[in-house]
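# give the three-dimensional model of this entry:
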Amino acid sequence: MGVPGSLKNDLDRTVSSADLRLKPTLLVTASLSGEKAQASLLGILLVHEAVIRSFTLSLRHLLKERDIEVIEIIPPALNTDLGGKGLHDKAPPVSAFLDPIFPQLEAGRDEVAFAFSEERLNAWPELYKTSFARLNP
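Predicted structure coming up:
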């Protein structure tokens with residue numbers, strides 16, 4: 001079971017233009033299978049994350065001949081009040097993310113990560129590099 005169609009349509013409308021940028025937005029959906037919607041939405045977000053990662057790697061590969069740097073900053077979940085105060089208290093504070101980011105940028109890294117995002121970035125580096133090189137000669 002996927003995300004209810006009404007929620008998907010609302011998400012599409014929300015992100016398809018800048019009309020709602022910086023405006024409070026509430027998406028409401030009612031469904032008998034609402035408990036499954038969050039898991040389905042998480043699956044969709046993970047696919048989008050993979051697409052963005054793949055796009056970034058491809059863009060970096062294509063632009064390196066033009067001497068254009070593509071720097072990817074990969075944040076983990078951070079302690080912010082997004083979604084509600086206290087909701088992310090177990091996550092690291094934003095300052096804990098920012099402090100190690102700038103030395104990585106100064107060191108010339110093109111993939112900058114922290115904590116869990118760095119663990120994921122380094123999980124399968126050789127397999128990832130081999131697969132990417134095979135697809136992008």
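
# give the next helix or strand downstream of the lowest-mean-pLDDT helix or strand in the chain.
Every helix and strand in the chain was compared by mean pLDDT, DSSP states H and E; the lowest is helix 5-15, with a mean of 69. Counting by DSSP states H and E, the element after helix 5-15 in chain order, helix or strand, is helix 34-63.

# packing partners of that next one?
The contact analysis (3 or more C-beta pairs under 8 Å, 6 or more residues apart in numbering; DSSP states H and E) places helix 34-63 against strand 72-74. Glycine gets a C-beta too; all of them are placed from N, C-alpha and C.

# and with 10 Å instead?
helix 5-15, strand 72-74, strand 111-113, helix 115-121, helix 125-135 (3 or more C-beta pairs under 10 Å, 6 or more residues apart in numbering; DSSP states H and E).

# neighbouring contacts of the fourth one?
Outside of helix 115-121, the residues within contact range by C-beta atoms under 10 Å, 6 or more residues apart in numbering are 49, 53, 72-78, 91-92, 96-97, 100, 104, 111-114, 128.

# and it, C-alpha only, in CSV?
Listed next in CSV are the C-alpha coordinates belonging to helix 115-121 (Å, rounded to 0.1, in the frame of the first residue of the first chain):
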residue,chain,number,x,y,z
ALA,A,115,27.9,11.5,12.3
PHE,A,116,25.3,9.1,10.8
SER,A,117,25.5,10.7,7.4
GLU,A,118,29.3,10.2,7.4
GLU,A,119,28.8,6.5,8.4
ARG,A,120,26.4,6.0,5.5
LEU,A,121,28.7,7.8,3.1
